[in-house]
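1. give me the fold of what follows.
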Amino acid sequence: MGEVGADRLAPDLGGWERVQGRFSSHTLAETLRDLYAAERSGILHLSRGETRKEILFERGMIVCASSQAEDEDLGRSLVREGRISPGALAEARRSIADPRALGQVLVNRGLVSRAALSQTARRITERVVESVFRWEGGAAEFADGGPFPSTFDADILLTFELIMRGIGVMSDFDPIRESLREIESKLRICRPAPVPVERLTLSPAHGFILSRADGDTTVQDILSILPPGEEDVTCRFLFALLIMGILAFDPPLSEGPIRVSGILRTHADQAALESLQEKLIVEAYAGLPGKTPSQILGVEPDSPAEEIERAYEDAKERFGREKIQPRVRDKFRSELAVIESRLLESYVKLSETPSAAGGTGADSRPAREAVDVEAGLVRLEMDKTRTKMDLEENVRVADGYHAKARKYMREGDYHNAIQYGKLAISYNPEDARFYFLLAECHGRNPEGRWQRIAEQNYIKATELDPWNAEYRMHLGRFYKRRGLNLRARKQFESALKISPGLDEAAREIASLH
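-> Below you'll find the model as predicted:
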């Protein structure tokens, strides 16, 4: 039977049936969340070997928990704390049929105060919840029931805090932590939130972490600004917020509430994709030496222009940086730059041939300018001992490619402008002008994918050249065209701070009112 929490306890309009199954420390959090979200009343029985524990729910809220352990039994805990005598406990137990009514009977008889009972019951509940999260797994059974006598004032905040405490000690959390770090989706706060976030008792560190979930930040972004020793605690806190629906990924990993299986599957899929891309890059790079342009593109030397262009587009698509996973892209930056250069060189050289150009008559298209890669290509797999001359050569080559990219952009040939812009970046990735040019070119395409790439390049340009008001203005107008007025205002205000006399920035801000 499948794990409880993955599918077996999913809420639906028809209510819940009595369900038995297995659970893990991962799916337990989902089970408690689903019971809360469905506002169900009943008992969740959890067992591992001979150890059995139960958690009671009333309209989705945890009202109490107990087990037969000495420190998790209400009556024995009250005796151990000196709140009642063993004799009074024995007499009270003889008078009730349901052990869950013990607390109310003790209060009714004046043997213990409501406040004292509530304190003890809450400590027991916290202890039970934390203990079952420490289990690697076990058997679970949920059955509708209730109402149950409440031993303390349960509410949604307490239920969330109990689940968060459990996740804080959850066993086998390493796979979840590693998976969260690799997810590229941004974190955002859900509106409306299923839990009143403003009433949560958060530490200053938790408050800061929550404030960073602004829709523009990934888990890795948050971890990068925190001390290494806080990584595990932060990931557990973020995971709790995600499980309870306070935070969400944008774009989402899947439809509906977040599932650990989806997080881990995404991580596994990404690892497999990275491995495949690494193999593709290594094999392609190793096969470049000695190959002719036609062999590199996989076409005949006298192929028609359409076939050459199609082969080039297919090859470029396979090695496009926007499709390569970030970790692979960083690891094989040099190899990708060489592959891109050779692909473009081969395409341009083959396009110059009479057969590819469709003849040499008056109607034939003009020959393209050749890319002198053999003369200008500087090997990129240089080590840290590169000389100043090497660096200056890279800058010179990058500037040359940038000049060609600008030329094609002025002519409206955005495709080739982008290719030369990428080549410029491969030689000098710290020049903001190159990213700005790519952003301007990509922004011409209204499709969502290209718009996202344009935004990334605009942002990269502003990061590399933060005092350039022009870049801020262009990014602001980019956001304004997409209806993102708050983001647009932020960029226009930044441009105005950089250049206080910039009237066009002031006019743009006024137009957003």
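2. and Ala240, which helix or strand is it part of?
-> helix 231-243 (DSSP states H and E).
3. over to Ile281?
-> Using DSSP H and E, Ile281 falls in helix 260-286.
4. same check, this time on Leu158
-> According to DSSP H and E, Leu158 maps onto helix 156-168.
5. any idea which helix or strand comes after that helix?
-> Taking DSSP H and E, what comes next after helix 156-168 is helix 174-182.
6. show me which positions of that following helix end up buried.
-> Neighbour-count burial for helix 174-182 flags Ile176, Arg177, Ser179, Leu180, Arg181, Glu182 (criterion: 16 or more other C-beta atoms under 10 Å). Bear in mind the C-beta positions are built from the backbone N, C-alpha and C, glycine included.
7. give me the angle between that helix and helix 260-286.
-> Between helix 174-182 and helix 260-286, the angle comes out at 60 degrees (axes from the mean of the first three to the mean of the last three C-alpha atoms, to 10 degrees).
8. for the following helix or strand past helix 174-182, which helices and strands make contact with it?
-> Sequence-wise, the next helix or strand downstream of helix 174-182 (DSSP H and E) is strand 186-189. Using 3 or more C-beta pairs under 8 Å, 6 or more residues apart in numbering; DSSP states H and E, the elements in contact with strand 186-189 are strand 214-217, strand 247-250.
9. whatever helix or strand Ala405 lives in: how far from the chain's middle?
-> Using DSSP H and E, the element containing Ala405 is helix 388-410. Centroid separation between helix 388-410 and its chain, computed with C-alpha atoms, centre = their mean, to the nearest Å, is 35 Å.
10. any chance you could list what contacts stretch 452-469?
-> Contacts to stretch 452-469, defined as C-beta atoms under 8 Å, 6 or more residues apart in numbering, come from residues 322, 430-433, 435-436, 438-443, 471-472, 474-475, 478, 491, 495-496, 498-499, 502, 505.
11. is Glu430 in a helix, a strand, or coil?
-> Following DSSP: H, G, I helix; E, B strand; the rest coil, Glu430 is assigned to coil.
12. per-residue confidence for it?
-> As predicted, Glu430 sits at a pLDDT of 88.
13. burial measure for it, as a count.
-> Neighbours of Glu430 under the rule other C-beta atoms under 10 Å: 11.
14. so how far is Asn394 from it?
-> To Asn394, Glu430 is 10 Å away according to C-beta to C-beta, to the nearest Å.
15. how about Ala139?
-> Distance, Ala139 to Asn394, using C-beta to C-beta: 63 Å.
16. with Lys460 instead?
-> Noted for Lys460: a distance of 18 Å to Asn394, by C-beta to C-beta.
17. likewise Gly448?
-> Gly448 sits 34 Å away from Asn394, going by C-beta to C-beta.
18. which one's more surrounded, those two?
-> Taking neighbours as other C-beta under 10 Å, Gly448 and Asn394 compare with Asn394 leading, 18 against 8.
19. where's the more buried one relative to Gln220, distance?
-> To Gln220, Asn394 is 29 Å away according to C-beta to C-beta.
20. quick check, nearest of the buried residues of helix 174-182 to Ser41?
-> Ser41 lies nearest to Ile176 out of these, by C-beta to C-beta, at 29.5 Å.
21. just the strands in the chain please.
-> Along the chain, counting by DSSP state E, strands occupy 19-24, 42-48, 51-58, 61-67, 137-144, 186-189, 214-217, 247-250.
22. so which of those is the most packed in?
-> Counting by mean count of other C-beta atoms under 10 Å, strand 61-67 has the highest mean neighbour count of those, with a mean of 24.
23. okay, the angle between it and strand 51-58?
-> Using the same axes, to 10 degrees: strand 61-67 against strand 51-58 is 160 degrees.
24. average model confidence for strand 61-67?
-> Per-region confidence: strand 61-67 scores 89 on mean pLDDT.
25. which elements pack onto that strand?
-> Judged by 3+ C-beta pairs under 8 Å, 6+ apart, strand 61-67 is in contact with strand 51-58, helix 114-134, helix 156-168.
26. quick one: closest of the ones you listed to Gly483.
-> Short answer: helix 156-168, nearest of the helices and strands packed on strand 61-67 by C-beta to C-beta, at 34.0 Å.
27. so for the residue lying closest to Ile124 once chain neighbours are set aside, what's the pLDDT?
-> Nearest residue to Ile124, sequence neighbours excluded (C-beta to C-beta, 6 or more residues apart in numbering): Glu72, at 5.4 Å. If you check Glu72, the pLDDT there is 88.
28. how close does Glu72 get to Thr292?
-> In this structure, Glu72 and Thr292 are 76 Å apart, going by C-beta to C-beta.
29. quick one, which of these two is more surrounded?
-> Comparing Glu72 with Thr292 by other C-beta under 10 Å, the one with more neighbours is Glu72, at 18 against 11.
30. pull the contacting residues for Leu350.
-> Pro293, Ser294, Leu297, Val299, Pro301, Ser303, Ile308, Ala356.
31. my guess is the fifth one contacts Thr292. True?
-> Just to be clear, that refers to Pro301. Yes - Pro301 lies in contact with Thr292 (C-beta atoms under 8 Å); the separation is 7.5 Å.
32. burial measure for Ser41, as a count.
-> Applying other C-beta under 10 Å, we find 18 residues neighbouring Ser41.
33. excluding covalently adjacent residues, which one is nearest to it?
-> Counting by C-beta to C-beta, 6+ apart, Gly146 is the residue found nearest to Ser41 once chain neighbours are left out, at 3.6 Å.
34. for Glu508, same thing?
-> With C-beta to C-beta, 6+ apart, the residue lying closest to Glu508 is Phe492, at 4.6 Å.
35. isn't the one you found right up against His474?
-> No - the pair Phe492 and His474 does not pass the contact test of C-beta under 8 Å, sitting 10.8 Å apart.
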